[in-house]
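# sequence first, then the predicted structure, then my questions.
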Amino acid sequence: MLKLLDVVHLKADDPDVGVFVKDTGTIVDVLSDGIYTVEFIDDKGHTNMEALAKVYCENELAQ
């Protein structure tokens, strides 16, 4: 089970919000069992706000 502040990446690209398997994110909120808010940072250090507004299921994430 993932927890707050775990470093993760997506198992598959999410081009709708501009996050790809190579991108690293940090879990910033645990909404319920297996549902998370993840902050993805681009190579310039900016937060991807579209991805931050989306929730991810545990089966979409890997450590």
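That came through fine.
# can I get the strand ranked longest in the chain as CSV, trimmed to CA atoms?
Counting by DSSP state E, the longest strand found in the chain is strand 25-32. In CSV, the C-alpha atoms belonging to strand 25-32 read as follows (Å, rounded to 0.1, in the frame of the first residue of the first chain):
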residue,chain,number,x,y,z
GLY,A,25,5.6,12.3,-8.7
THR,A,26,5.0,12.4,-5.0
ILE,A,27,1.8,11.4,-3.2
VAL,A,28,0.6,14.6,-1.5
ASP,A,29,-2.8,13.3,-0.3
VAL,A,30,-4.4,10.0,0.5
LEU,A,31,-8.1,10.4,-0.2
SER,A,32,-9.2,6.9,0.7
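# just how off-centre is it within its chain?
In terms of C-alpha atoms, centre = their mean, to the nearest Å, the centre of strand 25-32 is found 8 Å from the chain centre.
# for that strand, buried residues please.
Neighbour-count burial for strand 25-32 flags 25, 27, 30 (criterion: 16 or more other C-beta atoms under 10 Å). From N, CA and C alone the C-beta is placed, and that goes for glycine too.
# can you name the element that comes right after it?
With elements assigned by DSSP states H and E, the helix or strand that comes after strand 25-32 is strand 35-40.
# ramachandran coordinates for the residue of the chain most remote from its centre?
Most distant residue from the mean C-alpha position of the chain: K44, 17.1 Å away (C-alpha atoms, centre = their mean). With angles defined as degrees, to the nearest 10, K44 sits at phi -100, psi 0.
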